[in-house]
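Undergrad: generate a structure from the sequence data that follows.
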Amino acid sequence: MTLNGVAARTPDGRGLFDNLTLAFGRERTAVVGRNGVGKTTLLRLVAGLAEPAEGSVTRIGSVGWLAQAQTPADDETIADTLDVAGSLAILHRVLAGNGSLDDMAEADWTLEERMRTALADVGLADLAPNRRTADLSGGEQTRLRLAGLKLAAPDLLVLDEPTNHLDAEARAMIADVVADWPGGVVLVSHDRALLRRVDRIVELSSLGGRVHGGGWDLFIERRDAERAAAERDLEQAERAIGRVQRETQMAQERQARRDRTGKAARANNSDPKILLDAQAQRAEESGARGQRLAERKRQAVEADLAQARERVERVRQLALSMPATGLPVGRLVLNLNEAVVTVEDDRRLLGPLCLRLTGPERVAVVGPNGAGKTTLLKLIAGLIEPSSGSVERPVRAALLDQQAAMLKADETLVEGWLRLNPQGTPNAARAALARFLFRNVQADRRVGELSGGERLRAALACVMTGAQPPQLLVLDEPTNHLDIDAVEAVEAALSAYDGALVVVSHDADFIQNLRVDRTIVLKSGQLQPSTTP
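TA: Okay, the predicted model is just below:
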């Protein structure tokens, strides 16, 4: 697979990247970059699902595509999703004695065994081929499509955020498939554990792609070194501009003194006028040359300063400032006492649960998909009430989920802030949003226009900058749909938060970087004993 001078545009003509030249072979390549830079577009170009605005794409061999999310048709079966329904029908006709000569020639006698192996490899052993795909969970559907790719065995596997919405076990399985794939792999992911399994990383920006050999940890080491160098360059450029400004000022003062001295000498000099005029002309030309040289030096150092500021600003622009909540160490934050949650048919979803939080504790909740983690978080945050038992929550709490559901798609950020902080003013709203990098006209953007990272940042701004910031933050997979830079910014902000945290995340790096005090495991609606991180 070769991309030569490729450019991509959005449907409205906005440029994503230009002059991108890359080659993909049997190695494992991860594509990283800010949200909106065109990572998924690049994968679609590689997979042949889109054409470049400029340049060319050359494919030699077969390509398999795994999208972020696909909604199966109501009548789609497991065999349909695996793309083997026709081949299975042929095999079954032959085995039943109803096959034609063509069926006999086309029958794949290894198909059923290969299906069983592929399904077992992705943790879906013994799925009936005629079962509806829509009956599977989202994570199971991702595994199923991956099993279909294992059956097809393409030369190049293209994966767009393959671990999103998957639990830890499924994430590990995806990482193993990527590591063991016999051909090439190109993927987009913010799962740092998966990124550690790749051979190289392509950092995509509007200028194109930079290729870094090695996995995530080596990439971060180099990136941090570049950021430190950018900070040093900015400091040096600021010192240089100050030095040039001082030198220019001193040169101007010296020239002014010479001019005054020259005029005085000319007035008292009895030499011929033509000679005095020539001397004055040489002095003016010398002064002009000095000014031109000083101007060139000033322009050069200003250009260096602007470039250095741009490099550093790209790093600094996601830094978030979390206000203090003042939560005392011994304050009761949450007490679940034999709490039970049931649905209308009296089916028990959770409980009985007992959980107590005191002071600025940080608790991670882990467990397989379907264990009830989101329901537990809603109970903790006060969005639902227990069917029996009790919940004490003497502090203000806020739930932030991956969709930032507290915000409405059709409202502006200012409107959302004022709705959630009714005692505030428009000026207070703009000041608060500016603290979270929504400055000036950015505060008038509608929520529905924001990326996933921007929505989470806006939600943090709305809940954390009111008159009473919540002393308990409840986070439900907050890093899904965020790019790496946004994840790191959220990690840094939450690390500085002085309130209590309850977080559900399948991102082990995220949990580790939050420095949680204990981890509780939820299985089948029941809390298992707490553990250290």
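
Undergrad: convert the C-alpha atoms of the helix or strand hosting G55 to PDB, please.
TA: Assigned by DSSP states H and E, G55 falls within strand 54-58. This file holds the C-alpha atoms of strand 54-58, laid out as PDB (Å, rounded to 0.1, in the frame of the first residue of the first chain):
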ATOM      1  CA  GLU A  54      -5.000  15.000  -4.700                       C
ATOM      2  CA  GLY A  55      -2.300  12.400  -5.200                       C
ATOM      3  CA  SER A  56      -2.700   8.700  -5.700                       C
ATOM      4  CA  VAL A  57      -3.100   5.500  -3.600                       C
ATOM      5  CA  THR A  58      -1.700   2.200  -4.900                       C
END
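
Undergrad: what mean pLDDT does the lengthiest helix in the chain have?
TA: Looking across the chain with DSSP state H, the single longest helix is helix 216-268. Mean per-residue pLDDT for helix 216-268: 73.

Undergrad: if you count contacts, what does it end up packed against?
TA: Helix 216-268 sits against helix 192-195, strand 200-205, strand 208-213, helix 273-316, with contacts defined as 3 or more Cβ pairs under 8 Å, 6 or more residues apart in numbering; DSSP states H and E. (C-beta placed from N, C-alpha, C; glycine too.)

Undergrad: so where's the stretch 51-200 of the chain shaky on pLDDT?
TA: Across the stretch 51-200 of the chain, the ranges flagged by pLDDT under 70 are 69.

Undergrad: could you check how many residues crowd around E235?
TA: A count of neighbours around E235, defined by other Cβ atoms under 10 Å, yields 12.

Undergrad: no no, A7
TA: 16.

Undergrad: that one and L43: what is the separation?
TA: As for A7, its distance to L43 is 16 Å (criterion: Cβ to Cβ, to the nearest Å).

Undergrad: just Q68 next, same as before
TA: Q68 is 10 Å from L43, by Cβ to Cβ.

Undergrad: the more surrounded of the two?
TA: For Q68 versus L43, the count of surrounding residues by other Cβ under 10 Å is larger for L43: 23 against 15.

Undergrad: that one contacts D160, doesn't it?
TA: Yes. Between L43 and D160 a contact is recorded at 5.3 Å, counting by Cβ atoms under 8 Å.

Undergrad: between those two, which contacts overlap?
TA: V188 (Cβ atoms under 8 Å, 6 or more residues apart in numbering).

Undergrad: gap between stretch 205-215 and the chain center?
TA: 16 Å (Cα atoms, centre = their mean, to the nearest Å).

Undergrad: am I right that L151 is in contact with R116?
TA: No. With contact defined as Cβ under 8 Å, L151 does not reach R116; the gap is 10.8 Å.

Undergrad: of those two, which one has the most company?
TA: L151 (18 against 13).

Undergrad: from D103, how far out is that one?
TA: Applying Cβ to Cβ to L151 and D103 gives a distance of 20 Å.

Undergrad: and for L187?
TA: 38 Å.

Undergrad: before we move on, what about V122?
TA: Counting by Cβ to Cβ - V122 and D103 are separated by 29 Å.

Undergrad: what about the two, which has more around it?
TA: Using other Cβ under 10 Å as the criterion, V122 and D103 rank with V122 on top: 23 against 15.

Undergrad: check contacts around that one.
TA: With Cβ under 8 Å, 6+ apart, V122 has these contacts: 143-144, 146-147, 150, 173, 177.

Undergrad: repeat that for 7 Å
TA: By Cβ atoms under 7 Å, 6 or more residues apart in numbering, the residues touching V122 are 143, 146-147, 173.

Undergrad: swap in Q402?
TA: Shown in contact with Q402 (Cβ under 7 Å, 6+ apart): 476-478, 480-481.

Undergrad: N35 contacts L456, doesn't it?
TA: No. Under the criterion of Cβ atoms under 7 Å, N35 is not in contact with L456, lying 11.0 Å apart.

Undergrad: who has more neighbours, the two?
TA: Each of N35 and L456 has its neighbours counted (other Cβ under 10 Å); L456 has more, 30 against 18.

Undergrad: my read is that the more buried one contacts M406, right?
TA: No. Counting by Cβ under 7 Å, L456 does not reach M406; the two are 10.8 Å apart.

Undergrad: how near is V441 to E415?
TA: In terms of Cβ to Cβ, V441 sits 14 Å off from E415.

Undergrad: of the two, which one has the most company?
TA: Relative neighbour count places E415 above the other of V441 and E415, with 18 against 7, counting by other Cβ under 10 Å.

Undergrad: state the helix or strand in which the more buried one lies.
TA: E415 belongs to helix 413-420, assigned by DSSP H and E.

Undergrad: and that helix, what's buried?
TA: 413-418, 420 (16 or more other Cβ atoms under 10 Å).

Undergrad: so which elements touch that helix?
TA: In terms of contacts (3 or more Cβ pairs under 7 Å, 6 or more residues apart in numbering; DSSP states H and E), helix 413-420 is packed against helix 426-435, helix 452-464.

Undergrad: next, format those helices as a markdown table and append mean pLDDT and distance to E488.
TA: Below are the helices and strands packed on helix 413-420 laid out as a markdown table (pLDDT from 0 to 100; distance: least, Cβ to Cβ, whole Å):
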| stretch | mean pLDDT | distance to E488 |
| --- | --- | --- |
| helix 426-435 | 88 | 18 |
| helix 452-464 | 80 | 11 |
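
Undergrad: and the chain, what are its domain boundaries?
TA: Listed domain ranges for the chain are 2-222, 224-316, 332-408+463-527 (source: automatic domain parsing).

Undergrad: I'd like those domains written out as a markdown table, with distance to A324 added.
TA: Below are the domains of the chain laid out as a markdown table (distance: least, Cβ to Cβ, whole Å):
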| stretch | distance to A324 |
| --- | --- |
| domain 2-222 | 29 |
| domain 224-316 | 22 |
| domain 332-408+463-527 | 6 |
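
Undergrad: pick the most deeply packed of those domains.
TA: Burial among the domains of the chain, expressed as mean neighbours by mean count of other Cβ atoms under 10 Å, is greatest for domain 332-408+463-527, which shows a mean of 19.

Undergrad: roughly how far out does it sit from the chain middle?
TA: So, by Cα atoms, centre = their mean, the centroid of domain 332-408+463-527 is 21 Å from its chain's centroid.

Undergrad: span of that domain from start to end?
TA: 20 Å (Cα to Cα, to the nearest Å).

Undergrad: so I511 sits in a strand?
TA: No. Read with DSSP: H, G, I helix; E, B strand; the rest coil, I511 is helix and lies in no strand.

Undergrad: which one of the buried residues of helix 413-420 sits closest to V333?
TA: Closest approach between these and V333, by Cβ to Cβ: L420, at 20.9 Å.

Undergrad: where's the closest residue in space to the closest one that isn't next to it in sequence relative to Y497, distance?
TA: In space, L420 comes closest to C462 once its chain neighbours are excluded; the distance is 4.8 Å by Cβ to Cβ, 6 or more residues apart in numbering. Distance from C462 to Y497, counting by Cβ to Cβ: 15 Å.
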